[in-house]
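A.B. asks: Build me a model from this:
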Amino acid sequence: RFHFIAQVFVVQNMSILSSLTMAEAVWILMLGCLWAQAAAQQHLYLSEKAIASNDAVTKILLERTLAGFLTVQPGVRAINGLLATSNATVNSCQSQCLQEARCISFNHISSNICELNTWNSRYLLQPNPTSTYYFRNLSRNTSAVVQAVQEQLQAPLRNVSLSEGIFHTAFEANRRYLQLYNSDDLLFWFRKRHGDAHPPGRSWGWDYGSVDMPSGLKGSAAGCFLMGSGGLLRWANDSQLQANLDAVVAGIAACQDDNGYIMAFPPNETDCQENPNYVTSWITHGLLAAHASGNSQALTLLRQHFDWFNSNPQLPLFLPPLGGPEVKDGPFPNKHQPQFQQGHLIYIIYQGIIHNTRLARSPVGQQQDVDVAEQLYKEDWWLSQLIARNLTAIWKRTYYPHNYLITAAEAYMDLYLITGNTTYLAAIDGFYDMFHSHWLHVGGSMAIKEWKLYPPGSYYLDTTGEDPHASNVHSTGETCGSSFWIKLSQRLHAIRPDNETYAAEIERSLINAVISQIPPTGYGIRQFALLHKVKMIASNVSTCCEGQATRILGSLPEYLYSLAVNEQGIRVNMYAASCIDFSLQGQIVHLCTTTNWPADPQVTMSIMTLARPATTTVWLRVPAWLAGDTLNVTVEDQNGLSSFQGTPGSYLALSRAWQQASNISFTLAMKLKLHYYTGLTQIEGCDRYALTYGPVLLAAIGPFDEALDSILIRAANVTAISTWLAQTSSLEYHVIGSSVKFVPYYTIQEELFEVYPCFVQ
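C.D. replies: Numbering: from 1, shown residues only. Next comes the predicted model:
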């Protein structure tokens with residue numbers, strides 16, 4: 001403070017600046033000396049009117065020196081968080097706030113009116129020419145997070161390799177997709193904000209466009225790339241991706257402000273648009289993925305940024321609404337309208353909580369990350385409604401019901417693990433049950449999206465790839481929602497390892513709603529897993545769905561296996577041609593799965609490397625979709641053959657002293673299953689059915705009836721499948737007496753198709 005005031009004194013007496021007014025001199029000094037630290041960090045508003053006289057300048061300088069307060073905003077008043085009002089000077093008001101634990105800020109109005117403010121869900125900053133707003137420098141708990149609940153399973157972070165099959169094909173397509181990115185493009189807005197007027201590269205895609213106002217989601221493309229490449233590099237070497245990832249992280253570091261701020265959007269946009277939640281979450285996911293891949297800078301950048309974020313003067317504006325579903329029948333209000341410019345600007349449905357909880361559970365997590373999440377993002381009314389399984393809490397919640405609600409459930413899962421508060425878990429269970437029963441399509445894709453109402457069980461099918469954003473249709477099957485669902489299911493499986501349902505959800509969502517979204521060429525990723533007529537054209541503009549799909553595809557190997565804590569064994573969750581190395585009793589075990597599933601039901605698992613016999617458990621998932629009442633498993637080793645039986649919908653535990661060259665063999669027999677359509681996109685005179693083969697969603701291809709807007713199939717008895725459908729190959733069927741075929745949905749690229757064709761007798 002003395003140094004700053006001294007500079008002002010010098011300027012007053014420097015003849016070289018004698019032509020400047022006092023106001024101009026101070027203005028220049030404040031820009032030069034404090035802009036990076038104060039304006040960027042603290043969203044400082046100073047206008048020419050505020051420094052119109054020497055007295056005003058002196059007043060601002062003195063107010064800035066108030067101990068214990070982060071910022072001054074002349075002409076601004078906080079309302080609706082009122083704690084107390086008194087007649088007091090600035091210094092007296094300051095003392096009152098510091099003595100009151102609940103006080104987070106104060107307004108000094110006119111000459112002697114003091115208003116103390118506290119946390120309130122309708123906190124609002126409004127212009128007031130006679131008021132000055134002071135935000136308290138809140139003390140944050142920087143102690144390390146101590147997790148109250150420990151998972152029973154851990155996802156492998158490395159040492160899983162894929163061989164030929166649908167998972168490997170998708171993994172390699174994702175590699176080609178990520179190789180399309182250029183580090184200069186990804187860093188464009190970071191460098192622009194940092195002061196480079198003409199940075200190399202280009203602004204493109206969702207970093208700069210009509211996605212959000214005023215212009216784009218700056219930095220989201222970097223988050224997209226880091227999520228995907230950081231995941232992929234855990235399993236595979238790729239010098240191009242590694243160089244790009246390191247360049248992006250280093251570039252973000254080079255543009256970091258002295259206060260720790262790292263985002264590509266200006267700090268004064270922290271309390272508006274989707275930047276503080278969408279982009280911040282993506283950069284958080286991306287840097288955590290970069291750290292997992294071996295980058296040494298990523299975690300430090302995150303910690304320093306959230307040290308800034310957790311003490312941001314705009315935090316009161318992030319508070320949730322008072323509670324209750326408020327959307328009735330639509331149309332929905334624009335989020336930029338005045339009634340939404342107060343309180344909960346950072347809505348949890350747009351990822352506004354998960355950045356803090358994910359960081360909290362990282363190696364650099366601190367209690368302050370948890371405190372901010374619980375103070376500013378926890379919605380008690382919503383938790384209670386989820387526990388009560390009130391469906392309106394999902395499809396009519398303020399202000400845009402959306403599949404992004406899943407990210408809030410993920411964050412609440414983090415908070416349960418950190419705090420041990422079972423209220424969170426009860427709410428998650430309610431959410432999961434309701435969402436699973438009412439807003440998932442037959443193949444596991446999303447049946448709810450923002451902008452329109454999606455009643456429970458509506459399952460709209462009116463969207464096509466020809467115009468998926470048309471105003472008269474209900475967009476469905478959003479890929480990023482399926483990615484979130486996979487992550488939430490994985491988290492629940494980690495605390496309930498014997499619940500096969502979670503692994504089943506991951507499997508069907510992966511195959512039908514994520515792998516299906518990337519063409520083998522990898523030239524792009526589709527935004528929606530549409531179930532009617534034609535798929536979307538794959539894009540490469542860092543859409544929301546590209547980012548979350550590349551994140552899942554980059555981490556794909558970790559869903560095949562789970563490791564029991566304390567080296568107690570391994571669980572096989574999905575069956576794909578792959579190998580895994582894991583630690584067991586002081587040695588590394590090399591376990592390989594050989595299969596061409598789902599095209600071929602035969603599976604063999606072999607323990608290839610084991611220096612000495614080791615007693616442990618291998619849990620085999622016995623899928624609920626299995627044909628037959630049991631799974632017959634044979635284990636062969638030096639002692640001969642042993643037989644075991646597993647029940648569909650469970651895990652079969654094989655506990656024994658394993659030896660090198662032990663082989664496990666079984667057949668995953670699948671069956672066809674019809675699913676009657678009960679949703680709202682009905683066709684008069686038709687019954688609509690979908691068909692699955694095990695977890696694989698099938699789709700009809702053939703002549704498209706434009707009058708019906710569907711594919712027509714004639715069958716006297718639809719439920720007697722064998723009377724109208726014959727198998728052509730392992731995964732292909734044809735309609736008897738017709739040119740219509742059923743093929744896996746994930747294989748369809750440009751063909752006309754129908755997941756729920758029209759059946760008539």
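A.B. asks: And the pLDDT for residue 21?
C.D. replies: On the pLDDT scale, residue 21 is placed at 41.
A.B. asks: now swap in the one 10 residues further on and tell me
C.D. replies: According to the predicted model, the pLDDT of residue 31 comes to 35.
A.B. asks: cool, residue 294 as well?
C.D. replies: Looking at residue 294, the pLDDT reads 96.
A.B. asks: now do residue 259
C.D. replies: Residue-level confidence at residue 259 comes out at 93, pLDDT.
A.B. asks: Wait, a helix at it?
C.D. replies: No. Looking at residue 259 with DSSP: H, G, I helix; E, B strand; the rest coil, it is coil, so not inside a helix.
A.B. asks: Tell me how far it lies from residue 506.
C.D. replies: Relative to residue 506, residue 259 is positioned 40 Å away (CB to CB, to the nearest Å). (C-beta placed from N, C-alpha, C; glycine too.)
A.B. asks: same check, this time on residue 184
C.D. replies: Distance from residue 184 to residue 506, counting by CB to CB: 36 Å.
A.B. asks: Can you get me a residue count around residue 257?
C.D. replies: 19 (other CB atoms under 10 Å).
A.B. asks: follow-up on the earlier one: looking at residue 259 and residue 506 now, which is surrounded by more residues?
C.D. replies: Legend: neighbour count by other CB under 10 Å for residue 259 and residue 506, higher for residue 506 (24 against 17).
A.B. asks: I'd assumed residue 154 was in contact with residue 558.
C.D. replies: No. If you go by CB atoms under 8 Å, residue 558 and residue 154 don't touch, sitting 9.6 Å apart.
A.B. asks: Looking at these two now, which is surrounded by more residues?
C.D. replies: The neighbour comparison of residue 558 against residue 154 (other CB under 10 Å) goes to residue 558, with 21 against 14.
A.B. asks: and the residue nearest to residue 208 when sequence neighbours are not counted, what is it in contact with?
C.D. replies: Counting by CB to CB, 6 or more residues apart in numbering, residue 208 lies nearest to residue 216, which is 4.0 Å off, once chain neighbours are set aside. For residue 216, the contact set (CB atoms under 8 Å, 6 or more residues apart in numbering) comprises 203, 206, 207, 208, 209.
A.B. asks: For the residues you listed, give me JSON lines that also has pLDDT and distance to residue 750.
C.D. replies: Shown next, in JSON lines, are these (pLDDT from 0 to 100; distance: CB to CB, whole Å):
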{"residue": "203", "pLDDT": "90", "distance to residue 750": "31"}
{"residue": "206", "pLDDT": "91", "distance to residue 750": "25"}
{"residue": "207", "pLDDT": "91", "distance to residue 750": "29"}
{"residue": "208", "pLDDT": "83", "distance to residue 750": "30"}
{"residue": "209", "pLDDT": "66", "distance to residue 750": "26"}
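A.B. asks: got the CA positions of the helix or strand where residue 546 lies in PDB?
C.D. replies: Using DSSP states H and E, residue 546 sits in helix 544-554. Below are the C-alpha coordinates for helix 544-554, written out as PDB (Å, rounded to 0.1, in the frame of the first residue of the first chain):
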ATOM      1  CA  CYS A 544     -19.900 -30.300 -26.200                       C
ATOM      2  CA  CYS A 545     -20.400 -33.800 -27.500                       C
ATOM      3  CA  GLU A 546     -17.000 -34.000 -29.200                       C
ATOM      4  CA  GLY A 547     -15.300 -33.100 -26.000                       C
ATOM      5  CA  GLN A 548     -17.100 -35.600 -23.800                       C
ATOM      6  CA  ALA A 549     -17.000 -38.400 -26.400                       C
ATOM      7  CA  THR A 550     -13.300 -38.000 -26.900                       C
ATOM      8  CA  ARG A 551     -12.800 -38.000 -23.100                       C
ATOM      9  CA  ILE A 552     -14.700 -41.400 -22.900                       C
ATOM     10  CA  LEU A 553     -13.000 -42.900 -26.000                       C
ATOM     11  CA  GLY A 554      -9.600 -41.800 -24.700                       C
END
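A.B. asks: Off-centre distance for that helix?
C.D. replies: The chain centroid and the centroid of helix 544-554 are separated by 9 Å under CA atoms, centre = their mean, to the nearest Å.
A.B. asks: Now the element after that helix, going C-ward?
C.D. replies: Using DSSP H and E, the helix or strand that follows helix 544-554 in sequence is strand 561-564.
A.B. asks: Need the contact partners of that next one.
C.D. replies: Residues contacting strand 561-564 (CB under 8 Å, 6+ apart): 152-156, 160, 493-494, 497, 569-573, 580, 582, 617, 619.
A.B. asks: which of the residues you listed are buried?
C.D. replies: By neighbour count, with 16 or more other CB atoms under 10 Å, the contacts of strand 561-564 hold 152-153, 155-156, 160, 493-494, 497, 569-573, 580, 582, 619 as buried.
A.B. asks: Farthest-apart pair in the residues you listed, please.
C.D. replies: Across the buried ones among the contacts of strand 561-564, the longest distance by CB to CB is 19.5 Å; it joins 152 and 160.
A.B. asks: For the one helix or strand residue 653 maps to, buried residues please.
C.D. replies: Using DSSP H and E, residue 653 sits within strand 650-658. Going by neighbour count (16+ other CB under 10 Å), the buried part of strand 650-658 is 650, 651, 652, 654, 656, 658.
A.B. asks: from these, which is closest to residue 365?
C.D. replies: Nearest to residue 365 out of the buried residues of strand 650-658 is residue 651 (CB to CB; 31.0 Å).
A.B. asks: May I have the phi/psi pair for the closest residue to the closest one other than its chain neighbours?
C.D. replies: Excluding the flanking residues, the one nearest residue 651 by CB to CB, 6+ apart is residue 619, at 4.4 Å. With angles defined as degrees, to the nearest 10, residue 619 sits at phi -100, psi 120.
A.B. asks: which SS state does residue 167 fall under?
C.D. replies: helix.
A.B. asks: no no, residue 251
C.D. replies: Under three-state DSSP, residue 251 falls in the helix class.
A.B. asks: contacting residues around it?
C.D. replies: By CB under 8 Å, 6+ apart, the contact list for residue 251 reads 183, 186, 187, 190, 191.
A.B. asks: and the third one, how many neighbours does it have?
C.D. replies: In this case it means residue 187. Neighbour count for residue 187, taken as other CB under 10 Å: 26.
A.B. asks: same deal with the first one?
C.D. replies: Residue neighbour count, defined by other CB under 10 Å, stands at 20 for residue 183.
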